[in-house]
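**Q** attaching a predicted model along with its sequence, questions to come.
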Amino acid sequence: MSQSTNETTSRADDRTRRRDKGATAVNTLDGIGGMGAPAADAFLSVRDLRVHFPTDDGVVKSVDGLSFDVARGKTLGIVGESGSGKSVTSMSIMGLHKPGTVRMTGSIKLDETELIGAKPERVRELRGKRMAMIFQDPLSAMHPFYTVGHQIIEAYRIHNKVSTSVAKKHAIDMLGRVGIPQPSSRVDDYPHQFSGGMRQRAMIAMALSCDPDLLIADEPTTALDVTVQAQILDLIRDLQSEFNSAVILITHDLGVVAELSDDIMVMYAGRSVEYATADEVFTRPQHPYTWGLLSSMPRLDRVRTERLRPIKGAPPSLINVPSGCPFHPRCAYADRTGGLSQSERPPFAETYPRHYSACHLTREERTTIWENDIRPTL
Amino acid sequence: MTTTHVKPTASKQAGESLLQVTDLTKHFPITRGLLQRQVGAVQAVDGLTFNVVRGETLSLVGESGCGKTTTGRMLTRLLEPTNGTILLEGEDITHWSARKMRPLRRDVQMIFQDPYGSLNPRHTVGTIVGAPYRLQGIKTEHGIKREVQDLLELVGLNPEHYNRYPHEFSGGQRQRIGIARSLALKPKLIVADEPVSALDVSIQAQVINLLEDLQDELGLTYVVIAHDLSVVRHMSDRVAVMYLGKLVEIAERDELYTRPMHPYTTALLSAVPIPDTQRRTKRERIRLEGDVPSPVNPPPACRFHTRCWKAQEICKTQEPPLVELAPLHHVACHFPENTDVPAPAQAGAPLGDVVPDDAPVADATGAPVTLDRDASGDGEGPHA
């Protein structure tokens, strides 16, 4: 316990230091995800977040210097493969990591409230009320022993001093709003009586019951069939415009982010390698990893190619992240940087206005590669 | 039950059926009470008829619960069919005993979805991949170890990993181990149940390429069970779409993707998210309402009528047969899309009819126009 107190103190110092740095140089080139001061309209602002898990084999650096903003009414899509740190990031924002097992530094500000180092009671007040989460697997995220209604009512009553009957009316109302037929009878059903799509709807109802300002959807449609996925994505979009909440959509599916996101952040090995508006990411992606993701997926909207172009190799271990640019062992263009990719971590720089990427290639080199080698083959 | 026989594809040189499935049915009994009296049945698969041509890849697609995995398990005889016949190279293997099936297991192998669950964690890679040789009592020229190492190399693993355990490998590598095992006995047919859905995008592409290379190299025939329509389009020669245990459409790949005729196929294709923000605004989706009904009590006649925006009275009373509405394009629907051919409900449905002139063609990029509903403009309002 005392150790964690020290941790908090040093963390606070760290933070002040970094914030000062951020204030002096807006687009820092120091390679630690310098994104400068939070955008004026940012509702959630994450700066240089690091989440490390000490284990017997070494420190797992799940998130290592991450910065991003999300504004109200906007959706940030976080894309990356398993182990890239997407889910760890969302769990950090929600304060769901078990204390003592994790070292968190940096800053997570939810509407000016600092969450890192905040008291667990304080975070608990915010969780559910101001920020809520939809998980990938609704069956294991819901308690099998309680009715769906009971679980929504419980969450609602923790944050609102109302009677059970008022809360139940609210639960029925919410279930109706997410499109569950006959909500007044289904409210008394158990999770196993719902189909996969309905469970996901119920979970969304639960997450939205307290009208949160920030909704984190962690692979909300991965377990669902494609027709149901389309329903759920529509639902999230509709509810977002109704509640004007900030949404973080975490997924590995570039198609899903393209449907829903305003901004996209591509993560690799716990870091953000590219961060821009969705249009920018799809029209002129700047990072070789993003190119790799786009090339390796078969697409229905293009002529069928005979062969896919996968990224070679496999994602790195987060204990021994490769030196320099963590993507260099898998990158087809790493040899063009004269050894820089191997030795130096690339700065997270603003290549185009509001388009950040971390790569040693020059902007001209990237444009040439994208236009000549990548885009024609997609 | 329909007995329309699917003709072999012209694109494959031999055009010879390796597998012929007729009226394949699987009902899982639901029992109740002390006497385990049967009170109903889960009609998982109901009257499938199709064939698999030597050297081709046939994909079975559909949503969860449509019976595609059950079908795959019946093809490999891991499940006993309730009804129907399975002919492998002309021999009826439908009800062969486990003992009688054993020699045949060399010819039919399976790749499983979960690379974590399908490998014994206590066995080394050498033992896992070498198991088929031991089980079948096959003597190899240079010993099993050499053979296994060759296989590991074939699937892109390091032969020196012979003595490692599955947990030392990543998901993609494990799937390669599973593939190596299935290749050990040089099978003719491989049934791959969601071979890449548990893998990350970049790894998925590696495994798809591997499966295609192996097919070319070893002349394999694949039955791929998958739900990802983009992956299916990439891998398959022909595609069969299933809904609630029934085959609703089967056609050659390009034909199916550019000219889907069953409303369910159209809806499935339009629901696939496209990784392109430019398309977001101009696409109009066909939204299917609700979920797939329970296979315990499937809707009568056309099983899709409860969710279909084209459904009429006849769909609730009369089951549409699977008929050939275009060359090698079989559809089970009273009101097919993208075709001139009248409703096939009446007998004597046209076979091998001429392709209608107004059939939508691929646009400049080759993308099926059916994805852009506004372009095809068939006047049928999508079910919003």
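**A** Received, thanks. Numbers count the residues shown, from 1 in each chain, chains lettered A, B, ... in the order given.
**Q** what's around A:Tyr210, how many residues?
**A** Quick fix: residue A:210 reads Cys, not Tyr. Applying other Cβ atoms under 10 Å in any protein chain shown, we find 21 residues neighbouring A:Cys210. C-beta: built from backbone N, CA, C; applies to glycine.
**Q** tell me the contacts of it?
**A** Counting by Cβ atoms under 8 Å, 6 or more residues apart in numbering or on different chains, A:Cys210 touches A:Gly128, A:Lys129, A:Ala132, A:Ala155, A:Tyr156, A:His159, A:Asn160.
**Q** what's the most distant pair in the residues you listed?
**A** Across the contacts of A:Cys210, no pair lies farther apart than A:Ala132 and A:Asn160, at 14.0 Å, counting by Cβ to Cβ.
**Q** comparing the two, which residue is more hemmed in?
**A** For A:Ala132 versus A:Asn160, neighbours defined as other Cβ under 10 Å are more numerous around A:Ala132 (25 against 14).
**Q** nearest to chain B: which residue in the stretch 151-300 of chain A?
**A** Going by Cβ to the nearest Cβ, chain B is nearest to A:Gly255 of the stretch 151-300 of chain A, at 3.2 Å.
**Q** okay, and the beta partners of B:Asn51?
**A** Beta-bridge partners recorded for B:Asn51 (DSSP bridges): B:Gln20.
**Q** against B:Ile250, how distant is it?
**A** Noted for B:Asn51: a distance of 10 Å to B:Ile250, by Cβ to Cβ, to the nearest Å.
**Q** and B:Lys26, that's in a strand?
**A** Yes. Under DSSP: H, G, I helix; E, B strand; the rest coil, B:Lys26 falls within a strand.
**Q** give me the number of residues near the nearest residue to it once chain neighbours are set aside?
**A** Residue nearest to B:Lys26 in three dimensions, not counting chain neighbours: B:Val45, with 4.3 Å by Cβ to Cβ, 6 or more residues apart in numbering or on different chains. Around B:Val45 there are 30 other residues, counting by other Cβ under 10 Å.
**Q** right, and the helix or strand after the helix or strand that contains B:Val45?
**A** Assessed by DSSP states H and E, B:Val45 sits inside strand B:37-53. Downstream of strand B:37-53, the next assigned helix or strand under DSSP H and E is strand B:57-61.
**Q** now the angle from whatever helix or strand comes next after that next one to strand B:57-61?
**A** Counting by DSSP H and E, the next helix or strand C-terminal to strand B:57-61 is helix B:68-75. If you take axes from the mean of the first three to the mean of the last three Cα atoms, to 10 degrees, helix B:68-75 sits at 140 degrees to strand B:57-61.
**Q** starting from helix B:68-75, tell me the next helix or strand along the chain.
**A** Later in the chain than helix B:68-75, the nearest helix or strand by DSSP H and E is strand B:83-88.
**Q** quick check: neighbours of that following strand in the sheet, parallel or antiparallel?
**A** The pairing partners recorded for strand B:83-88 under DSSP bridges are strand B:17-32 (antiparallel), strand B:91-92 (antiparallel).
**Q** longest single helix anywhere in chain B?
**A** Secondary structure assigned by DSSP state H gives helix B:201-218 as the longest helix of chain B.
**Q** give me the residues contacting it.
**A** A:81, A:252, A:254, A:292-293, A:295-298, A:307-312, A:314-315, B:55, B:57, B:154-156, B:170-172, B:175-176, B:179, B:183, B:186, B:192, B:195-196, B:199, B:220, B:222, B:231, B:234-235.
**Q** could you rerun that using 6 Å?
**A** A:Leu293, A:Ser296, A:Met297, A:Arg307, A:Leu308, A:Pro310, A:Ile311, B:Gly172, B:Gln175, B:Val196 (Cβ atoms under 6 Å, 6 or more residues apart in numbering or on different chains).
**Q** ditto for stretch B:34-46
**A** Contacts for stretch B:34-46 (Cβ under 6 Å, 6+ apart): B:25-32, B:67, B:70-71, B:245-246, B:295-296, B:298.
**Q** and these, which are buried?
**A** Using 16 or more other Cβ atoms under 10 Å in any protein chain shown as the burial test, the contacts of stretch B:34-46 include B:Thr25, B:Lys26, B:His27, B:Phe28, B:Gly67, B:Thr70, B:Thr71, B:Gly245, B:Lys246, B:Pro295, B:Pro298 as buried.
**Q** I figured the first one hits B:Glu80, correct?
**A** What that stands for is B:Thr25. No. B:Thr25 is beyond contact range of B:Glu80, at 11.1 Å (criterion: Cβ atoms under 6 Å).
**Q** just the buried residues of stretch A:136-146, please?
**A** Buried residues in stretch A:136-146, counted by 16+ other Cβ under 10 Å: A:Gln136, A:Pro138, A:Ala141, A:Met142.
**Q** quick check: residues of the stretch 251-384 of chain B near chain A?
**A** Taking Cβ under 6 Å from any Cβ of the partner chain as the contact definition, the stretch 251-384 of chain B meets chain A at B:Ala271, B:Val272, B:Pro273, B:Ile274, B:Pro275, B:Asp276, B:Thr277, B:Arg285, B:Leu288, B:Asp291, B:Gly366, B:Ala367.
**Q** now render those residues as a markdown table, adding secondary structure.
**A** Below are these laid out as a markdown table (three-state DSSP):
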| residue | secondary structure |
| --- | --- |
| B:Ala271 | helix |
| B:Val272 | coil |
| B:Pro273 | coil |
| B:Ile274 | coil |
| B:Pro275 | coil |
| B:Asp276 | coil |
| B:Thr277 | helix |
| B:Arg285 | coil |
| B:Leu288 | coil |
| B:Asp291 | coil |
| B:Gly366 | coil |
| B:Ala367 | coil |
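**Q** that older thread, strand B:57-61 and the strand holding B:Val45, what's the angle between them?
**A** Relative orientation of strand B:37-53 and strand B:57-61, computed by the same axes, to 10 degrees: 150 degrees.
**Q** returning to what we had before: out of the strands paired with strand B:83-88, nearest to B:Asp114?
**A** Of the strands paired with strand B:83-88, nearest to B:Asp114 by Cβ to Cβ is strand B:17-32, at 21.2 Å.
**Q** how long is stretch B:233-248 from one end to the other?
**A** In stretch B:233-248, first residue to last residue: 17 Å (Cα to Cα, to the nearest Å).
**Q** how about stretch B:157-167 and chain A, touching?
**A** No. Stretch B:157-167 is not in contact with chain A by Cβ under 6 Å from any Cβ; minimum separation 11.8 Å.
**Q** show me how far that stretch is from its chain's centre.
**A** 31 Å (Cα atoms, centre = their mean, to the nearest Å).
**Q** ok, stretch B:242-252 next?
**A** 9 Å.
**Q** got a list of contacts for it?
**A** B:43-46, B:48, B:50, B:60, B:62, B:66-68, B:238, B:240-241, B:262, B:264-265, B:295, B:298, B:303-304, B:328-332.
**Q** quick one: contacts for A:Tyr84?
**A** Actually, residue A:84 is Ser rather than Tyr. A:Ser84 makes contacts with A:Met267, A:Tyr268, as judged by Cβ under 6 Å, 6+ apart.
**Q** all set now, cheers.
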